[in-house]
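K.L.:
here's a sequence, model it:
(one chain, ligands or ions: 1)
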Amino acid sequence: MTITIIGAGIGGLTLALCLHERNVPCRIYEAAPQVEALGVGINLLPHATRILSRLGLEKRLAEISVETQELCFYNKYGQFIHSELRGRFAGYDWPQYSIRRGTLQEVLCDAVRERLGEDALVLDHRFVHAEQDSKGVTAQFVSGEDEAPRHGAQGSALVGCDGVHSAVRALLHPGDGPFRYSGVTMWRGVTRWRPYLTGASMTLVGWLATGKMVIYPIRHDMAEDDCHMVNWLCELECPARYPDGDWSRPGELGDFISACEDMRFDWLDVAGMVKAADLILEYPMVDKDPLPRWSFGRITLLGDAAHPMYPRGSNGAGQAILDADSLATQLSSGAGPEEALTAYESARLETTSAVVLANRTSPPDAILREVFERTCDQPFTDISDVITPEEIATLSEGYKRVAGFRKTDVNEKAAST
Ligand SMILES: Cc1cc2nc3c(=O)[nH]c(=O)nc-3n(C[C@H](O)[C@H](O)[C@H](O)COP(=O)(O)OP(=O)(O)OC[C@H]3O[C@@H](n4cnc5c(N)ncnc54)[C@H](O)[C@@H]3O)c2cc1C
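P.N.:
Residues are numbered from 1 along each chain as shown. Presented below is the predicted three-dimensional model:
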């Protein structure tokens, strides 16, 4: 049985490593001519780092990321609302990492080439079509601007890990609609900046109507001038500007700086940090309604191709990694490919659909929404008059339960395959 994987993003590369761990042959076909370190920061929660650690990647990831210590909430006046420990600092058996997306992709890519061989990753192959029969699946590819046809690939099963613009999803669901715009646009960037708070704090400030910031360091090793690489996002309610979901669209400071111009706190000069950015990108917060089905015979979907979700709650990459582990388990179970893909869908579709919906209505930053609404966006005198610790715990634990990363749930899972 050889598995054809479409897309060398976080999900596709992790799937290849999980299959290799279980002695299932596979090959990845990637549209890009080379794997470039694209994207800014993401967070990996312990439910995902558990799997990456089992794959032997923890030491490398620890070297090139920041082990997140706490998640803190402030209003736009810089008043402290709440903080909670994260990852190992909170008693999980596995860490939470804040990391540059492209760096994570490179680590996974190196591991694939090292373990599966150079031939396992085929670049410059954009998937365009697949046909299946009782014996297997044949995938068709093109390359370059002239879309020259490439040799097809034969496999026992094909997995679409080709992200938010998935061609495999379009093949399986030809009537699939456009993205659903949340009403929020995100400007994302990275800045070399001095450490703030613990030096490993993920910080959420303000709320969407007037501007919300998400800030966390993703790299420590810039010791020569005592700087971190700090990732930040400004999320702002506004009409749809470019609702096409292009992760690499450049952003303009002037389009959003007014939202954080007054955020100059004694613990961080947010506006100053944003203005000093090395890179600014713009991305609409978009998703799609959950699909009723991913698996059609020998073809299935994984990661963003299966369940594009709002990138809040640190679950986009994490759920793709959980999908990969689940699918590899099924494909190595001894069942035929069609049965394995059906079992994978049963294990993962309902869970990830719940995360897509929770990211719309009750993500972890709902704590900020509650404070914003209850104070009518004014400063408060005492936070306990606004929201109780029990209410905060309910919001926080509720999201962890849906997304599958409550401490007891993660720690109880054995680290073995
Ligand atoms: C360039 C880029 C930058 C990103 N930056 C961020 C970020 O800063 N923050 C964040 O939270 N998330 C970001 N993401 C999304 C994040 O990587 C995913 O949400 C998450 O990791 C799930 O991974 P995935 O493997 O499902 O999809 P992705 O990581 O998006 O990987 C999809 C892969 O499929 C390839 N592909 C697409 N179409 C085809 C095709 N027809 N044939 C073959 N290959 C194809 C793509 O080139 C890509 O390598 C980014 C994604 C991309 C592609």
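
K.L.:
going forward, measure contacts and count neighbours with C-alpha atoms only.
P.N.:
Fine.

K.L.:
which residues does the lengthiest strand in the chain contact?
P.N.:
Counting residues, the longest strand found in the chain (DSSP state E) is strand 180-193. Residues from elsewhere that reach strand 180-193 (C-alpha atoms under 8 Å, 6 or more residues apart in numbering): 40, 208, 227-241, 243, 251, 256, 273-274, 276-289, 360.

K.L.:
if we go to 7 Å?
P.N.:
40, 227-240, 243, 251, 273-274, 276-288 (C-alpha atoms under 7 Å, 6 or more residues apart in numbering).

K.L.:
can I get the CA coordinates of whatever helix or strand comes next after it in CSV?
P.N.:
Note on strand 180-193: by DSSP states H and E, the next helix or strand toward the C-terminus is strand 201-207. Extracted C-alpha coordinates of strand 201-207, given in CSV (Å, rounded to 0.1, in the frame of the first residue of the first chain):
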residue,chain,number,x,y,z
SER,A,201,4.0,35.3,27.5
MET,A,202,1.3,35.0,24.9
THR,A,203,-0.8,38.1,25.4
LEU,A,204,-4.3,39.1,24.2
VAL,A,205,-5.4,42.7,24.4
GLY,A,206,-8.6,44.6,23.6
TRP,A,207,-11.5,43.4,21.5
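
K.L.:
partner strands of strand 201-207 and their direction?
P.N.:
Strand 201-207 has these partner strands in its sheet, going by DSSP bridges: strand 70-74 (parallel), strand 211-222 (antiparallel).

K.L.:
okay, these in CSV with distance to the ligand, mean pLDDT and mean neighbour count next?
P.N.:
As requested, the strands paired with strand 201-207 are exported to CSV (distance: least, C-alpha to the nearest ligand atom, whole Å; pLDDT from 0 to 100; neighbours: other C-alpha atoms under 10 Å):
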stretch, distance to the ligand, mean pLDDT, mean neighbour count
strand 70-74, 17, 97, 20
strand 211-222, 12, 88, 22
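
K.L.:
now the ones you listed in CSV, with distance to Glu373?
P.N.:
Shown next, in CSV, are the strands paired with strand 201-207 (distance: least, C-alpha to C-alpha, whole Å):
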stretch, distance to Glu373
strand 70-74, 14
strand 211-222, 14
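
K.L.:
out of those strands, nearest to Leu171?
P.N.:
strand 211-222 (35.8 Å; C-alpha to C-alpha).

K.L.:
next helix or strand past that closest one?
P.N.:
Downstream of strand 211-222, the first helix or strand assigned by DSSP H and E is strand 227-237.

K.L.:
how about that following strand and the ligand, touching?
P.N.:
No: figure legend: strand 227-237 not in contact with the ligand (C-alpha under 6 Å from any ligand atom); closest approach 9.2 Å.

K.L.:
who's in contact with that strand?
P.N.:
40-41, 183-195, 208-220, 222.

K.L.:
same check, this time on stretch 212-222
P.N.:
41, 64-66, 98-100, 200-206, 228-236.

K.L.:
ok, stretch 138-149 next?
P.N.:
124-132, 150, 152-155.

K.L.:
C-alpha coordinates for stretch 249-266, CSV please?
P.N.:
Taking Å, rounded to 0.1, in the frame of the first residue of the first chain, the C-alpha atoms of stretch 249-266 are listed here in CSV:
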residue,chain,number,x,y,z
ARG,A,249,-0.7,39.2,0.9
PRO,A,250,1.4,42.2,2.1
GLY,A,251,-0.3,44.5,4.6
GLU,A,252,-0.2,48.2,5.1
LEU,A,253,0.4,49.8,8.5
GLY,A,254,-1.9,52.7,7.7
ASP,A,255,-4.8,50.3,7.3
PHE,A,256,-4.9,49.3,11.0
ILE,A,257,-2.5,51.3,13.2
SER,A,258,-5.2,53.5,14.6
ALA,A,259,-6.6,50.4,16.3
CYS,A,260,-3.5,50.0,18.5
GLU,A,261,-2.0,53.6,18.4
ASP,A,262,-3.0,54.1,22.1
MET,A,263,-1.8,50.8,23.3
ARG,A,264,1.4,52.0,25.0
PHE,A,265,1.6,50.2,28.3
ASP,A,266,4.3,50.0,31.0
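
K.L.:
for the record, mean pLDDT for it?
P.N.:
Stretch 249-266 carries an average pLDDT of 95.
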